[in-house]
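**Q** Sequence plus predicted model, see below.
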Amino acid sequence: MSDVTIIGAGLAGSLLAIYLAKRGIKVDVYEARGDMRNEEMSAGRSINLALSDRGIAALRGVGMDEYMLAEAVPMYGRMIHSVAGGTKLLPYSGRKGEYINSVSRAGLNIELMNEAEKYDGVKFHFNERCVDFDCTNGGATFSSGVSVRSDTVIATDGAGSAVRHAFMHGGVERFDFSQSWLAHGYKELHIPAGPDGSFLLEKNALHIWPRRKFMMIALPNFDGSFTCTLFLAHKSEPPEVAGGSPRPTSAAARSGTNTNLQPPATAGGSDIVPAFDQLTDEAAVMEFFNREFADAVPLMPTLVVDFFANPTGNLGTVKCFPWNVDGKALLLGDSAHALVPFYGQGMNCAFEDVRVLDSLVEKHGRNWETVFTEYGGLRKVNTDAIADMAEENFYEMRDATADPVFQRKRELETKLEHTYPDYFSKYSMVTFREDLPYSVAKEKGNAQDRLLMEICAETSDGSAMELPDVMEKIRSLG
């Protein structure tokens, strides 16, 4: 009998196997898919990963941080593309050495599995989908008919977790669950590398084409290509009702702290509100892209083929609690708290889950009920916070990055970070402060955002702002 059964050999499950093995715990990992190391990766589902400090800290714990960063492309800011083709770089931070890293999801997953298999106590079982979990005796049943009992089960099997399903349907009393979907979906597209592997766009930036009701982004790959993702509503609506009720236009409303953001009319290419259900043939796709992303079209020779070959994905948030049942099983990563990808924290949050869990195993040993209960108490408030911020950041990326007031705010934040070592923007608190809980970053960051948006709305000349006065107001927030 294995000490721990992990369900799901994705990023979190594979990293967790390494952490547990380093503590001498025998681990069996069951994965519904085949071994990705022996299979061709399917296209269209690989939204690039932005590896930042929280994720790097977890990799550092197993000695893999420098190895993975050697295969990453650093991104120092958001490169904003206007409809007319102009660009503007909004740096992520004013401090040296603070940037995010574009990494390959598949590449990272493969390296984690390879590292895990270096430990004698780790064994992977592929093509074994979990179909049931018994919350009474802790047994897991798989698609092959195999039933497994172990000291405990840790479910890292994603947003559609079979273990969570068992929790919901009678296994756990008063189990709270919510799932919400954005009206938008996503479609993965591609910009190939140029001659000799050159980058056809600025390589050290996350590129964004913000268009009010939709957007496209592009992240660099190590081989010189870019993975593009179009975020667009699934279904069309009349322009007067698309996006819901009228949105407030005050500086406070444009603070980046809520979803009711209304950018100026120049943020988009037209009053037409497109959706995936309108883009049904080559002519419609090309008309849409030539109108909205004209500077990108010449760089995308397989645009039409990719658009119709790659699936349209959904974007949703999952929240639930409790995450464990009597020490017999734990939900971790997306199975407990699936996020939309707009803060680049899905993987980083799951990796932080693993690091926090490991610290509790060090503290309590294999007293799984104590470990899991304390883990849930520590993590729930923080995963709820990053889930909320990820949805808010969708509207910031799509809408506010094209707003001159927001751009002045980002420039002011960069100057503040360059001048005052103790100042961190909300983005920096989330992305570059591995020691700061997400919940604290949300509370402090939202208060700062409201203040700075009000300040930047009062002047069109950012150079006229007195940094000491601004910093004094920020410090007064507490």
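**A** On my side now, so go ahead.
**Q** Pull up the gap between Glu111 and Val297, please.
**A** To Val297, Glu111 is 35 Å away according to C-beta to C-beta, to the nearest Å. Every C-beta, even on glycine, is put in place using the N, C-alpha and C of the backbone.
**Q** next one: Asn382
**A** For Asn382, the distance to Val297 equals 41 Å [C-beta to C-beta].
**Q** Neighbour count for the two, which is higher?
**A** More neighbours surround Asn382 than the other of Asn382 and Val297, with 21 against 14 (other C-beta atoms under 10 Å).
**Q** any idea how far that one is from Pro220?
**A** As judged by C-beta to C-beta, Asn382 and Pro220 stand 29 Å apart.
**Q** Now for Ser144: which residues touch it?
**A** Each residue near Ser144 by C-beta atoms under 8 Å, 6 or more residues apart in numbering is listed here: Asn127, Glu128.
**Q** Any chance of the backbone angles for it?
**A** The phi/psi pair for Ser144 (degrees, to the nearest 10) reads phi -80, psi -10.
**Q** and if you look at the one 4 residues further on?
**A** Summarising the backbone geometry of Val148 under the convention degrees, to the nearest 10, its torsions are phi -130, psi 130.
**Q** Now do the contacts for it.
**A** By C-beta under 8 Å, 6+ apart, the neighbours of Val148 are Ser2, Thr5, Asp28, Tyr30, Gly139, Ala140, Thr141, Phe142.
**Q** Quick check: which element contains Val405?
**A** In the assignment (DSSP states H and E), Val405 maps to helix 404-419.
**Q** Only C-alpha atoms, please: export whatever helix or strand comes next after that helix in PDB.
**A** On the C-terminal side of helix 404-419, the closest following helix or strand by DSSP H and E is helix 426-432. Extracted as PDB, the C-alpha positions of helix 426-432 are listed here (Å, rounded to 0.1, in the frame of the first residue of the first chain):
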ATOM      1  CA  LYS A 426      -0.800  45.600  -6.100                       C
ATOM      2  CA  TYR A 427       0.600  43.800  -9.100                       C
ATOM      3  CA  SER A 428       4.000  43.700  -7.500                       C
ATOM      4  CA  MET A 429       2.600  42.500  -4.200                       C
ATOM      5  CA  VAL A 430       0.900  39.600  -5.900                       C
ATOM      6  CA  THR A 431       3.700  38.800  -8.300                       C
ATOM      7  CA  PHE A 432       7.000  39.600  -6.600                       C
END
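**Q** Please state the offset of helix 426-432 from the chain centre?
**A** A distance of 13 Å separates the centroid of the chain from that of helix 426-432, by C-alpha atoms, centre = their mean, to the nearest Å.
**Q** Once you drop chain neighbours, what's closest to Ala159?
**A** Of all residues not flanking Ala159 in the chain, Ala338 sits nearest, at 3.8 Å (C-beta to C-beta, 6 or more residues apart in numbering).
**Q** can you give me phi and psi for the one you found?
**A** Here is the backbone geometry of Ala338 (degrees, to the nearest 10): phi -70, psi 140.
**Q** Can you give me the neighbour number for it?
**A** Per other C-beta under 10 Å, the neighbour tally for Ala338 reads 23.
**Q** so what's it up against?
**A** Contact partners of Ala338, counting by C-beta under 8 Å, 6+ apart, are Gly158, Ala159, Gly316, Thr317, Val318, Gly346.
**Q** what is the fifth one paired to in the beta sheet?
**A** If I follow you right, that is Val318. Bridge pairing for Val318 (DSSP bridges) gives the partners Gln179.
**Q** Surely it and Trp181 touch.
**A** No - judged on C-beta atoms under 8 Å, Val318 makes no contact with Trp181 at a distance of 10.3 Å.
**Q** if you count what's nearby, which of those two comes out ahead?
**A** Between Val318 and Trp181, counting by other C-beta under 10 Å, Val318 is the more crowded of the two (21 against 12).
**Q** What residues does the more buried one make contact with?
**A** Val318 neighbours (C-beta under 8 Å, 6+ apart): Ala159, Phe177, Ser178, Gln179, Asp334, Ala336, His337, Ala338.
**Q** could those residues be laid out in CSV, adding pLDDT and distance to Gly97?
**A** Below are the contacts of Val318 laid out as CSV (pLDDT from 0 to 100; distance: C-beta to C-beta, whole Å):
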residue, pLDDT, distance to Gly97
Ala159, 94, 34
Phe177, 96, 40
Ser178, 96, 38
Gln179, 95, 38
Asp334, 97, 30
Ala336, 98, 32
His337, 98, 29
Ala338, 97, 31
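**Q** wait, which of those is closest to Glu115?
**A** Distance to Glu115 across these (C-beta to C-beta) is lowest for Asp334, with 21.1 Å.
**Q** most neighbours, which of the contacts of Ala338?
**A** Among these, Gly346 has the most neighbours (other C-beta under 10 Å), with 25 neighbours.
**Q** That one and Gly316 touch, don't they?
**A** No - using C-beta under 8 Å, Gly346 is not in contact with Gly316, being 11.9 Å away.
**Q** what about stretch 216-228, start to end distance?
**A** Using C-alpha to C-alpha, to the nearest Å, the end-to-end distance of stretch 216-228 comes to 7 Å.
**Q** What is the burial count for Glu98?
**A** 19.
**Q** One more: Ala283?
**A** By other C-beta under 10 Å, 10 other residues sit near Ala283.
**Q** Return the distance of it relative to Val304.
**A** 10 Å.
**Q** coming back round to it: looking at the contacts of Val318, which is nearest Glu352?
**A** Closest to Glu352 out of those is His337 (11.3 Å), distances taken as C-beta to C-beta.
**Q** so who does the closest one touch?
**A** Neighbours of His337 in contact, by C-beta under 8 Å, 6+ apart: Val318, Lys319, Cys320, Cys349, Thr383, Asp384, Ala387.
**Q** could you show me where the helices are in the stretch 301-450 of the chain, in order?
**A** Using DSSP state H, counting those that start in this stretch, the helices of the stretch 301-450 of the chain run over 303-309, 334-337, 346-364, 368-398, 404-419, 426-432, 438-457.
**Q** This completes my enquiry, with thanks.
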